[in-house]
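J.: dropping the sequence and predicted coords here.
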Amino acid sequence: MKGKETHSLDSKFRLMIPARFRSELGERFVMSLNLEHCINLYPQEKWNEFVNTLETLPKLSSPVATKLRRFFYSNSSDAELDGQGRILIPQEFRKYAGLEKEVKVVGVNDHLEIWDLSAWEANCETINPDELSLDLQGLNL
């Protein structure tokens with residue numbers, strides 16, 4: 001999934017998922033909080049891969065791994081599109097991500113992120129292409 005689109009939550013806090021993302025997302029998927037105060041939408045297969053990665057983290061020796069598992073598992077739920085291609089975003093998720101009305105739906109390869117529009121714009125302002133270019137060189141990309 002790639003690209004981004006701006007959309008609005010309706011009065012019942014439903015979000016229309018852009019048509020170009022729906023087929024990759026599937027009718028049933030997983031909604032999860034993101035550490036950057038946005039919401040993730042994972043196709044079920046990609047969620048399973050993410051869970052497998054979480055489960056490879058050290059179990060007993062790493063408090064960070066335990067906290068990560070606890071954060072993601074307790075802040076995730078199964079979700080599905082309604083007949084009009086919308087999802088209902090629960091109040092707890094809206095509050096965490098600061099979603100009011102306008103949101104940015106962002107494709108991040110294997111999942112979508114849903115950001116409050118102003119938070120997305122602020123995040124984009126922190127991106128320095130020159131610094132990223134140096135980082136990419138270090139990664140041999």
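T.: Right, received. Where do you want to start? What you see is a predicted model, and the numbers here were worked out from it, not measured in a lab.

J.: distance of the residue nearest in space to the middle of the chain from P129?
T.: Among the residues of the chain, the one closest to the centroid is N40, at 1.9 Å (Cα atoms, centre = their mean). Per Cβ to Cβ, to the nearest Å, N40 is found 25 Å from P129. Just so you know, the C-beta spots here come from the backbone N, C-alpha and C atoms, and that holds for glycine as well.

J.: packing partners for the helix or strand where F21 lies?
T.: For F21, the host element (DSSP states H and E) is helix 19-25. Other helices and strands packing on helix 19-25, by 3 or more Cβ pairs under 8 Å, 6 or more residues apart in numbering; DSSP states H and E, are strand 39-43.

J.: mind doing that once more with 10 Å?
T.: Applying 3 or more Cβ pairs under 10 Å, 6 or more residues apart in numbering; DSSP states H and E, we find helix 19-25 packed against strand 2-8, strand 39-43, helix 44-56, strand 102-108, strand 111-116.

J.: figure out which of those is closest to Q91.
T.: strand 39-43 (12.4 Å; Cβ to Cβ).

J.: which neighbours in the sheet does that closest one have, and how are they oriented?
T.: According to DSSP bridges, strand 39-43 has the following sheet partners: strand 28-33 (antiparallel), strand 111-116 (antiparallel).

J.: tell me the contacts of Q91?
T.: Q91 sits next to F13, L99 when contact means Cβ atoms under 10 Å, 6 or more residues apart in numbering.

J.: how far away is it from A119?
T.: 17 Å.

J.: just say which of the strands paired with strand 39-43 is most tucked in.
T.: Burial of those is given as mean neighbour count (mean count of other Cβ atoms under 10 Å); strand 111-116 ranks first at a mean of 23.

J.: what is the neighbour count of G98?
T.: 14 (other Cβ atoms under 10 Å).

J.: before we move on, what about P129?
T.: Going by other Cβ under 10 Å, the residues that sit close to P129 add up to 7.

J.: with that, I have no additional questions.
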